[in-house]
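Asker: Pasting the sequence and the predicted coordinates here, then a few questions.
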Amino acid sequence: MNSHSPAGSGVSTKYDVARIREDFPALRRTVKGQSLVYFDNTAATLKPQTVIDAITRVYSDFPANVHRGIHQLSEEATEAYEAARLKAANFINAADPDEIVVTLNTTDSLNHVCGSWGEANIGPGDEILTTEMEHHANFVPWQQLCLRKGAKFQVARVLPSGQLDREDFDRKLSERTKLVAVAHVSNVSGVVNPISELAAQAHRVGAVFVADCAQSVPHMPVDVQALGADFVSCSAYKFLAPFGVGLLWGRKAILDAMPPYRTGGNMIHSVSTEKTRFNVAPHKFEAGTPSIADVIGMGAAIDYLQAIGMQAISDYEHELSRYMHEELLKLPGLSIAGDWFPGKPAIASFHLDYAHPHDIAQFLNEEGVAVRSGLHCAEPLHCSLGLSSTTRASLYLYNTHDEIDRLVAAIRTVEEIFA
Amino acid sequence: MNSHSPAGSGVSTKYDVARIREDFPALRRTVKGQSLVYFDNTAATLKPQTVIDAITRVYSDFPANVHRGIHQLSEEATEAYEAARLKAANFINAADPDEIVVTLNTTDSLNHVCGSWGEANIGPGDEILTTEMEHHANFVPWQQLCLRKGAKFQVARVLPSGQLDREDFDRKLSERTKLVAVAHVSNVSGVVNPISELAAQAHRVGAVFVADCAQSVPHMPVDVQALGADFVSCSAYKFLAPFGVGLLWGRKAILDAMPPYRTGGNMIHSVSTEKTRFNVAPHKFEAGTPSIADVIGMGAAIDYLQAIGMQAISDYEHELSRYMHEELLKLPGLSIAGDWFPGKPAIASFHLDYAHPHDIAQFLNEEGVAVRSGLHCAEPLHCSLGLSSTTRASLYLYNTHDEIDRLVAAIRTVEEIFA
Amino acid sequence: MDLKTLYREVILDHYKTPRNTTPLSAPSCEADCRNPSCGDKVRVQLKLDDGLVSEVAIIGNGCAISQASASMMTEAVKGRRVAEIEAVMEEFRRMVMGAGSEADREVLGDLMILEGIARLHARVKCAMCGWSALDAALNENGSDVNLDEDTELPASSQH
Amino acid sequence: MDLKTLYREVILDHYKTPRNTTPLSAPSCEADCRNPSCGDKVRVQLKLDDGLVSEVAIIGNGCAISQASASMMTEAVKGRRVAEIEAVMEEFRRMVMGAGSEADREVLGDLMILEGIARLHARVKCAMCGWSALDAALNENGSDVNLDEDTELPASSQH
Ligand SMILES: Cc1ncc(COP(=O)(O)O)c(C=O)c1O
Ligand SMILES: Cc1ncc(COP(=O)(O)O)c(C=O)c1O
């Protein structure tokens, strides 16, 4: 386990969750008179004080536009903004910071690939292959692109275990496949797909591979070079950073060859009535004024995570996950979407046979426990697993075993009322 | 003049700039040992403490995802987010909050219109009419759309005065024109276009009218219903709000008829492999997780502006503008892009015949004065006015006459060195 | 009334044994309402006789609030005149949106017990599902309603 | 050296009377560099004789730093061997990017006076404009360079 010194002071060799918790102001609040148990981390994570402070500093000291204005404030903003890009590159081990495109969120990142690479490269008769376990963000854009282009939309099945049906995937991957889009980690079942194997398969048939890493980058070391995908998307606000920032990583050569997605200021070389020449990547994809303070805040979030160490975080979460699954599965009438497997991320989307997820979430909230209920933007997966909707508990680096006990106790109150 | 009580305490009947200045932490900083004179407001404005506090509150108390999660934090975030949309609707007098689409910035707003309405409605032989005074964000998207669609890109001239050449506009507007896109206020010359007249002309030939209000909404009362345009774009961080938020207003009926721009989560009704049904406006345009804290911060910025009153702000800025233009034009060798006119916004893009804008900005920075130099993302306008680049001073509600004197004195240091 | 009491004393009874669930053989009008984000679904069928709802049926599934509210709705409308029902519908909407006044609630009768829903903002749509279907059945027969999580409730209930 | 002194003692002299501005009649190679965001533009022409730059000319306009730096560059390269020039070019880049060490700067000679540019981050590209054209002329004759405000400088100077 890596050493932990997020506040920069002192070094401890064990994972000190109590100390980590002190860094998150939201963990000091109460809900319904009880301390908050925040188990909705798949949707958005809490923010450490250092991230909040980074934003405050931008707005107090240099709330200026970037792009190298000559005045001091703009220069300070530009330095901090580009430093954050460098941190992001380092965080996911990009070969070059120019491979990091700042977007609004994962959805925006994937729409960039779809609206730029996809519009330029997909035609009638081509196929796009995705899976049933995708978040709508990695499903609907490809489906709509296929509709527009007369291409075929292929969807690889999931098995009842929640795992990708590799045979179906192999069957649906062919020489006609031009793009394959797969989540690294499912936001419902927690299934971890073998991206590097799937990407290698895609490359063998000449397809481009998109890995949706929205649920992996926050929770485990992700090395985009080792992963083998051509594009990687994620959302910074899912790894302690402010809302308003997504990342798109793409191989330099592919980004360079792609047309811009949004056009306007800052992404151009020159503009005349007759002709516009575009800037190089990543700038050609960052039209207009970016979410400057949020991006700088993301830099602080990455610093925070790296001070603890992504491997340490992942190890800790695996232990939480094991405990949560064990405890939940002891409860009568409870089943979890997707089978348990060792190393399963700390996500449990469960079903109680006596109550509806909306009512469950409502009563858990009465006990101060925050979970999501619904389809979690993954309707095809619910459909495939025969679930109308689920209640999802998803944990992060600041959660504890005690909080899992609180969840279990809260489910027992639901049982009392409904069963 | 409206009363001013931004802090909510006490009412004063005169515009109290000293008191307003206290609300902006960045005004307490120094640059090169002198107090900051921030004259780069066209690019981005400083932020009042109330906006910074609003962001801090979100991240400390309810840093959760919106879209009606059943738990308390999500509910608080959703309430605050939708309340901010309502404030934005009220701020620009939209008939219905559902006409307010939250985007990343003005560029993103205009790309929505282009990528959604434009893709669906522009075909070969159609024409799009814009002007030479546009920001690249309201120029390049239309130009590229015309290129893609085989449509004709028409650009109405500006006169040497900087005003729109109405005869040329009339000449280029025809039954073939499907869309007209014009800035309300030029970010270089400060020219204020008669949007309601131009929109009426456009409507007579059956064209849709897009008003880029990035430089008007922050500085004057803007009433989208009175304006008569079909779409209005602006950037919240240009009116005291956080970075990461733009607005697109569109007439309900047009928004409802438009296909979505980005697709993914939260903008759908239902998703299956065969078919996706989309949500209604504005949600169908807000795919993925929005810039939640920034949007809530925008609500605080609107509260702040409305407490002072947009008319009061506009009146005060007109007086600053008059003084700045008078003082600048006394300087030898200085000329300003576009002629003065009464009610000109407080923007002066100037040229010194003895020094280059980059060097000017550098030396003004030495005196603690922040200005922009370059083409200000308006290359066609510079080209038309025969300017290679300019130095731009742009003021806002917290600037003062004394600061204008500081600008003038700083230009004199440039003169000393160069002339 | 706290949430547990509300569920225990009202909601669960209607949830577990919803009233008026036998489909009508020849409805005068009918409509669906669905809230796709969570799977709430209610179909309302009405038999109208001379401006009066003589029979009503619901077919649905979903969360306890959506199903209980629909079940209670059937009891409230059965045997009543359409004009009266419109008033009840409007007042019910106001109540769950946290608008309207105590005084005007009289018309709601037993439904007043659902007042607490107004505090559960995320559940207002659940409570409205059956009512939106009723509205659609009465006013736009056949045009079904989709309530997504972010969809505003019908115009009259804009807040 | 403070900014005013730098301009007064070095930059303005070269800006107002740039050296080597007579276009060559038969250049061995040439290239442009432009920084479109501000209008800086420098064209470099070289006459090469057996691995030695025998003649050099610049044609350009733009800010004082871009033009002065280009003018000083012509003085630094004239009469020197290409291999030496490559070393100077590399070291100049390092210096204005704020990298490299004092010790290695020897090779720059008079150019060392531009060290202060490293602190003016937004102006580094202005200072590099003539040098990027030189690099393009020597190494990729004809392929012009565009330095936009956000463009990173050539690979070797990545920081
Ligand atoms: C796997 C996955 N993909 C995509 C998304 C969409 O992210 P965003 O809302 O940032 O666009 C999510 C968010 O929940 C996700 O979990
Ligand atoms: C008139 C005008 N339009 C568009 C823009 C682009 O705004 P953004 O950078 O927020 O996309 C600007 C910003 O400078 C502007 O002044």
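Answerer: Yes, it's here. Note that the structure is a prediction, hence the values are computed from the model and not measured. Ligands and ions are numbered 1, 2, ... in the order given.

Asker: burial measure for the one residue in the stretch 201-350 of chain A that gets nearest to chain C, as a count.
Answerer: Per C-beta to the nearest C-beta, A:Ser349 is where the stretch 201-350 of chain A lies closest to chain C, at 13.5 Å. Where you see a C-beta, it was placed from the backbone N, CA and C, and this is true even at glycine. Using other C-beta atoms under 10 Å in any protein chain shown, A:Ser349 has 32 other residues around it.

Asker: I'd guessed it sits against A:Leu385; true?
Answerer: No. Counting by C-beta atoms under 8 Å, A:Ser349 stays clear of A:Leu385, with 9.3 Å between them.

Asker: that older thread, for the residue of the stretch 201-350 of chain A closest to chain C, which three-state class applies?
Answerer: strand (DSSP: H, G, I helix; E, B strand; the rest coil).

Asker: Enumerate the beta-bridge partners assigned to it.
Answerer: A:Arg392 (DSSP bridges).

Asker: residues in contact with it?
Answerer: Residues in contact with A:Ser349 (C-beta atoms under 8 Å, 6 or more residues apart in numbering or on different chains) are A:188-189, A:336-338, A:376, A:390-393.

Asker: do the same with A:Val369
Answerer: A:37, A:39, A:403, A:406-407, A:410, B:71.

Asker: Lowest-confidence one in those?
Answerer: Minimum pLDDT across these is recorded for B:His71, with 94.

Asker: so what's the spatially closest residue to that residue that is not a sequence neighbour up against?
Answerer: In space, and not counting its chain neighbours, B:His71 is closest to A:Ala370: 3.6 Å by C-beta to C-beta, 6 or more residues apart in numbering or on different chains. By C-beta under 8 Å, 6+ apart, A:Ala370 lies in contact with A:31, A:36-40, A:364, B:64, B:69, B:71-74.

Asker: Which strand residues bridge A:Ala370?
Answerer: So, taking DSSP bridges as the rule, A:Ala370 has A:Tyr38 as bridge partners.

Asker: need the strands for chain C, in chain order.
Answerer: Using DSSP state E, the strands of chain C run over C:29-35, C:40-49, C:52-61, C:145-146.

Asker: How far off centre is the first one?
Answerer: In terms of C-alpha atoms, centre = their mean, to the nearest Å, the gap separating the centre of strand C:29-35 from the centre of its chain is 11 Å.

Asker: Packing partners of it?
Answerer: strand C:40-49, helix C:124-139, strand C:145-146 (3 or more C-beta pairs under 8 Å, 6 or more residues apart in numbering or on different chains; DSSP states H and E).

Asker: Adding mean pLDDT, distance to B:Leu240 and mean neighbour count as columns, could you present the ones you listed in CSV?
Answerer: Below are those laid out as CSV (pLDDT from 0 to 100; distance: least, C-beta to C-beta, whole Å; neighbours: other C-beta atoms under 10 Å in any protein chain shown):
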stretch, mean pLDDT, distance to B:Leu240, mean neighbour count
strand C:40-49, 94, 41, 22
helix C:124-139, 94, 33, 26
strand C:145-146, 70, 37, 20
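
Asker: Looking at the stretch 101-250 of chain A, which residue is nearest ligand 2?
Answerer: Closest residue of the stretch 101-250 of chain A to ligand 2, C-beta to the nearest ligand atom: A:Leu104 (12.4 Å).

Asker: what's A:Phe139 in contact with, if anything?
Answerer: By C-beta under 8 Å, 6+ apart, the neighbours of A:Phe139 are A:130, A:155, A:380, B:271.

Asker: Now do the first one, the pLDDT please.
Answerer: Here, the pLDDT recorded for A:Thr130 equals 98.

Asker: swap in the second one?
Answerer: According to the per-residue confidence, A:Val155 scores 98 in pLDDT.

Asker: swap in the third one?
Answerer: In this model, A:Pro380 is scored at 95, pLDDT.

Asker: Please apply the same query to the last one.
Answerer: Among the per-residue scores, B:Val271 shows a pLDDT of 85.
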